[in-house]
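**Student:** all I have is the shape, not the residue letters:
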């Protein structure tokens, strides 16, 4: 899987901003009509912050569309993140909104749940039908060690017991990201 050019990453961030602005009624819609280079289909997460506070973070590991269209769709979903249903993102926040795209590598299963690098790898935990994930920067932003990163993902994201990552029936996969953002 090839790395994305910084110009393509910046363009994808503009696509995300345009999709959110159009969804909020701030603009008429996409203005980026220039052809795209051939891009690998990859998963992506869109993280939104306003005033330094998280306002949405939604993503997918399953790239079911080309990357620009996927970014548009995920950006709108992030702007409607159900965790913020009581205080939805509004048009007035667009000027302060900071968008970050995490373009994902494919998931890679690891045998030893501690066999990853903090700050480099994100984690994806699955047990039965319960799943959860954290992007790589979550560990470093919180000052977590590997065990806390795994335990927090199990408990906060997958709805499992904090130590579920130690169970043999739990799958732990890792991934890396190419990060593109504003400001």
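**Tutor:** Good, I have the coordinates. Only a predicted model underlies this, so the values are computations on that prediction, with no experimental measurement involved. Numbers count the residues shown, from 1 in each chain.
**Student:** switch to C-alpha atoms for all contacts and neighbour counts from now on
**Tutor:** Fine.
**Student:** surely residue 173 meets residue 109?
**Tutor:** Yes. Counting by Cα atoms under 8 Å, residue 173 touches residue 109, with 4.2 Å between them.
**Student:** neighbour count winner among those two?
**Tutor:** Neighbour tally, residue 173 and residue 109, criterion other Cα atoms under 10 Å: the higher count belongs to residue 173, 22 against 15.
**Student:** pLDDT score for the more buried one?
**Tutor:** Per-residue confidence at residue 173 stands at 98 (pLDDT).
**Student:** list the beta-bridge partners for it.
**Tutor:** residue 109, residue 124 (DSSP bridges).
**Student:** what about it, distance to residue 44?
**Tutor:** Remark: distance between residue 173 and residue 44 (Cα to Cα, to the nearest Å) = 16 Å.
**Student:** where's residue 152, which helix or strand?
**Tutor:** Assigned by DSSP states H and E, residue 152 belongs to helix 146-152.
**Student:** and for stretch 146-166, what are the contacting residues?
**Tutor:** 113-114, 118, 123, 125-126, 130-134, 139, 170-172 (Cα atoms under 8 Å, 6 or more residues apart in numbering).
**Student:** which parts of the longest helix seen in the chain are buried?
**Tutor:** If you go by DSSP state H, the chain has its longest helix at helix 6-23. In terms of neighbour count (16 or more other Cα atoms under 10 Å), helix 6-23 has its buried residues at 9-23.
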